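> Pasted the sequence and its predicted model underneath.
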Amino acid sequence: MRSFAFSAPATAQDALAQGAGGTFIGGGTTLIDLMKLDVLRPSRLVDVTGIEGLREISFTEGAVHFGALVTMAQAAADAELQRLYPVLAETLALAASAQLRNMATLGGNVLQRTRCAYFRDARTPECNKRAPGSGCAALTGNSRAHAILGTGAHCIATYPGDWAQALIALDAEVEILSAAGQRMMKFSNLHRLPGDTPHQETNLAPGELITGFTVRGPWPRSRYVKIRDRESYEFGLATAAVALRLEAGTVAEARIGLVGVLHQALRELG
Ligand SMILES: Cc1cc2nc3c(=O)[nH]c(=O)nc-3n(C[C@H](O)[C@H](O)[C@H](O)COP(=O)(O)OP(=O)(O)OC[C@H]3O[C@@H](n4cnc5c(N)ncnc54)[C@H](O)[C@@H]3O)c2cc1C
Ligand code: SF4
């Protein structure tokens, strides 16, 4: 692994100041992985896990709010979340391994990178996502577990995260902090389709920090279904987050978030 500078600010404002030109790190379970593979080469890491006030899950009558530093394990085990928004807890409980869930933050989770084997292999020259304009090895290579919807001529990778599907299905918002202040974005606008620029995966501006997520509800009738190669832990091949609202025994509203077959999570409304 290449050498890098490291800082660990205690406040969001310090993180923003130090983040300019640097790379934020949460649990490090994706970022360090890709640095070891020489796919990512940040020269400066800014550890955000010491920032005060971002580790709470809080419930109000019509919503739940997650600080960006809540861990996957913390949210998956939250009894109130399991009762009021089961799909949010299940997508996390069925993701990764116990060790990873203990380390990984929700802010880092939504920004995890594709698992395309060519992207993760720095020796493969053709990968438009890793090296813009270099081509796409998956188009003529091994494309098992690649996307079948939302692809483009330049990239057919999937977005691999489970939790994002529930956020999409439940129409969540993401809180973003920059030197200019805080802004809210519909979570469905966070990730981009590949188009001509597969290396640009999100609509975050450089240096913007994710500070939290808000989901309105509750959605007690919601579940997650995940088909994967092995049950112990594995990314999904085809998965669905489903939420229903019933009125007098009839489905009044149905929401479905899909991942595993798509470049970004997608929501179907019924
Ligand atoms: C073996 C393995 C199996 C896995 N299986 C699954 C699975 O089945 N399902 C699944 O969903 N996931 C799976 N994962 C992925 C895992 O969920 C992610 O690695 C984890 O959620 C990332 O969180 P983190 O805090 O460690 O992020 P980091 O690695 O710290 O960061 C990830 C990215 O987010 C950025 N970042 C971090 N925090 C912030 C912030 N607050 N604001 C702005 N940018 C930020 C970083 O710069 C980096 O680009 C697996 C991972 C591994 C290694
Ligand atoms: S599918 Fe996307 S990530 Fe995979 S090799 Fe092609 S351009 Fe790279």
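Looks like it arrived, so ask away. Residues are numbered from 1 along each chain as shown. Ligands and ions are numbered 1, 2, ... in the order given.
> contacts, neighbours, all on C-alpha from now
OK.
> residue ranges with poor pLDDT in the protein?
Along the chain, segments meeting pLDDT under 70 span 260-270.
> Residues of it that sit close to ligand 1?
The chain comes close to ligand 1 at residues 23-31, 68, 95-96, 104-105, 107-109, 111-112, 161-163, 209-211, 234-235, as judged by C-alpha under 6 Å from any ligand atom.
> near ligand 2, which residues of the chain?
Near ligand 2, when you scan the chain using C-alpha under 6 Å from any ligand atom, you find 116, 118-119, 127-129, 136-138, 154-157.
> how about a markdown table for those residues, with neighbour count and secondary structure added?
As requested, the residues of the chain next to ligand 2 are exported to a markdown table (neighbours: other C-alpha atoms under 10 Å; DSSP: H, G, I helix; E, B strand; the rest coil):
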| residue | neighbour count | secondary structure |
| --- | --- | --- |
| 116 | 22 | coil |
| 118 | 22 | coil |
| 119 | 24 | coil |
| 127 | 24 | strand |
| 128 | 20 | coil |
| 129 | 23 | coil |
| 136 | 24 | strand |
| 137 | 21 | helix |
| 138 | 20 | helix |
| 154 | 22 | coil |
| 155 | 26 | coil |
| 156 | 25 | coil |
| 157 | 32 | coil |
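> Distance to residue 90 added to the residues you listed, as CSV?
Shown next, in CSV, are those (distance: C-alpha to C-alpha, whole Å):
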residue, distance to residue 90
116, 24
118, 30
119, 28
127, 33
128, 33
129, 30
136, 34
137, 34
138, 31
154, 33
155, 29
156, 27
157, 24
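> ok, so of those, who is nearest ligand 1?
Set against ligand 1, the nearest of the residues of the chain next to ligand 2 by C-alpha to the nearest ligand atom is residue 116 (12.8 Å).
> Now the closest one, what are its backbone angles?
Residue 116 adopts backbone torsions of phi -50, psi 130, taken as degrees, to the nearest 10.
> can you check the one 10 residues further on too?
Geometry field for residue 126 lists phi and psi as phi -90, psi 100, criterion degrees, to the nearest 10.
> State whether it and residue 141 are indeed in contact, as I suppose.
No. The pair residue 126 and residue 141 does not pass the contact test of C-alpha atoms under 8 Å, sitting 10.8 Å apart.
> Now, the residues of the chain next to ligand 1 that are in strands?
Among the residues of the chain next to ligand 1, the members found in strands (DSSP state E) are 23-25, 209-211.
> So residue 237 is in contact with residue 230, correct?
No. Look at residue 237 against residue 230 with C-alpha under 8 Å: they stay out of range, at 10.3 Å.
> okay, these two: which has more neighbours?
Between residue 237 and residue 230, counted using other C-alpha atoms under 10 Å, residue 237 has the larger neighbour count: 18 against 9.
> before we move on, which element is that one in?
Secondary structure assigned from DSSP states H and E places residue 237 in strand 236-247.
> before we move on, the earlier item: can I get the ones in strands among the residues of the chain next to ligand 1 in TSV including neighbour count?
Listed next are these as TSV, based on neighbours: other C-alpha atoms under 10 Å:
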residue	neighbour count
23	19
24	27
25	22
209	23
210	25
211	22
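> Need those residues in CSV (columns: distance to residue 56).
Shown next, in CSV, are those (distance: C-alpha to C-alpha, whole Å):
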residue, distance to residue 56
23, 23
24, 20
25, 19
209, 17
210, 14
211, 11
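> Can you point out the helix or strand that includes residue 184?
Assigned by DSSP H and E, residue 184 belongs to strand 181-186.
> who does that strand pair up with?
According to DSSP bridges, strand 181-186 forms sheet pairs with strand 173-178 (antiparallel).
> Helix or strand next in line after the strand holding residue 237, which one?
strand 250-259.
> What are the buried residues along that next one?
Buried residues in strand 250-259, counted by 16 or more other C-alpha atoms under 10 Å: 254-259.
> Would you map the helices across the stretch 1-150 of the chain?
Counting by DSSP state H, counting those that start in this stretch, the stretch 1-150 of the chain has these helices, from start to end: 12-19, 31-36, 72-76, 79-84, 86-93, 98-103, 106-110.
> Adding distance to residue 188 and mean neighbour count, write the ones you listed out as JSON lines.
Below are those laid out as JSON lines (distance: least, C-alpha to C-alpha, whole Å; neighbours: other C-alpha atoms under 10 Å):
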{"stretch": "helix 12-19", "distance to residue 188": "24", "mean neighbour count": "20"}
{"stretch": "helix 31-36", "distance to residue 188": "23", "mean neighbour count": "16"}
{"stretch": "helix 72-76", "distance to residue 188": "20", "mean neighbour count": "23"}
{"stretch": "helix 79-84", "distance to residue 188": "21", "mean neighbour count": "17"}
{"stretch": "helix 86-93", "distance to residue 188": "15", "mean neighbour count": "25"}
{"stretch": "helix 98-103", "distance to residue 188": "23", "mean neighbour count": "16"}
{"stretch": "helix 106-110", "distance to residue 188": "11", "mean neighbour count": "24"}
